[in-house]
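>>> here is a sequence with its predicted model. Questions after.
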Amino acid sequence: MSAKPAQVIQVPNTLKAKLGGRFAIDPNAVARAEAALKELSDQFGDWMQDELDKLDAARADVAARGLTRETADTLYTRAHDLKGLGGTYGFPLVSRLGASMCRLLEDPGARVSAPVFLVDAHIGAIKAAVRDEIRDADHPVGKALVGELEGRVADYLAGR
């Protein structure tokens with residue numbers, strides 16, 4: 001049986017030609033956006049506290065009504081918001097902790113059976129990170145917190 005030589009077909013990339021210069025990144029626009037973000041940065045602490053207050057309210061609702069579809073969905077939404085906003089507000093560790101909590105609550109059908117102690121551990125870690133200015137996972141405490149919580153979530157999800 002003789003093998004035929006392989007043939008490589010080069011497909012031209014015509015995307016750039018089709019789009020033209022319409023989607024080029026304007027360095028001046030990027031600089032203006034960064035300057036605007038810097039001007040707002042003094043408000044990041046207040047905005048982060050608002051997010052923590054919403055997280056606390058969601059947890060209080062779970063304490064009052066139990067872990068229902070609605071209360072679990074609200075917890076997921078709060079975690080998802082923190083996942084997205086933590087880095088913007090200068091707390092990439094909060095983003096990572098929020099992402100871990102999102103993984104725990106990701107499946108809408110299984111949210112109501114999520115271990116509340118693990119939800120509480122995430123909330124406590126997020127609040128401690130903000131309170132103690134532990135901004136990223138390079139910090140020894142941040143590394144320990146996120147490592148432990150991500151491991152516990154992985155173990156829980158693997159055992160479901």
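Received the coordinates, thanks.
>>> pLDDT weak spots in this structure?
The model of the chain has pLDDT under 70 over residues 1-2, 15-23.
>>> elements contacting the helix ranked longest in it?
The longest helix of the chain (DSSP state H) is helix 44-65. Helix 44-65 is packed against helix 69-85, helix 116-131, with contacts defined by 3 or more Cβ pairs under 8 Å, 6 or more residues apart in numbering; DSSP states H and E. Where C-beta positions appear, they are placed from N, C-alpha and C, glycine not excepted.
>>> could you dump those to CSV with mean neighbour count and distance to residue 49?
Below are these laid out as CSV (neighbours: other Cβ atoms under 10 Å; distance: least, Cβ to Cβ, whole Å):
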stretch, mean neighbour count, distance to residue 49
helix 69-85, 19, 12
helix 116-131, 18, 8
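>>> please produce JSON lines containing these, extended by distance to residue 104.
Converted to JSON lines, the helices and strands packed on helix 44-65 look like this (distance: least, Cβ to Cβ, whole Å):
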{"stretch": "helix 69-85", "distance to residue 104": "8"}
{"stretch": "helix 116-131", "distance to residue 104": "6"}
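>>> what's near enough to touch residue 104?
With contact set as Cβ atoms under 8 Å, 6 or more residues apart in numbering, residue 104 has these partners: 114, 118-119, 122, 153, 156-157.
>>> what helix or strand does it sit in?
Following DSSP states H and E, one finds residue 104 within helix 92-105.
>>> tilt between that helix and helix 44-65?
20 degrees (axes from the mean of the first three to the mean of the last three Cα atoms, to 10 degrees).
>>> mind exporting helix 92-105 as PDB, just the C-alpha atoms?
The C-alpha coordinates for helix 92-105 follow below in PDB (Å, rounded to 0.1, in the frame of the first residue of the first chain):
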ATOM      1  CA  PRO A  92      -8.300  40.500  40.300                       C
ATOM      2  CA  LEU A  93      -8.500  38.100  43.300                       C
ATOM      3  CA  VAL A  94     -12.100  39.000  43.700                       C
ATOM      4  CA  SER A  95     -12.700  38.200  40.000                       C
ATOM      5  CA  ARG A  96     -11.100  34.800  40.500                       C
ATOM      6  CA  LEU A  97     -13.100  34.100  43.700                       C
ATOM      7  CA  GLY A  98     -16.200  35.200  41.900                       C
ATOM      8  CA  ALA A  99     -15.400  32.800  39.000                       C
ATOM      9  CA  SER A 100     -15.000  30.000  41.500                       C
ATOM     10  CA  MET A 101     -18.400  30.700  43.100                       C
ATOM     11  CA  CYS A 102     -19.800  30.900  39.600                       C
ATOM     12  CA  ARG A 103     -18.500  27.400  38.800                       C
ATOM     13  CA  LEU A 104     -20.100  26.200  42.100                       C
ATOM     14  CA  LEU A 105     -23.500  27.600  41.000                       C
END
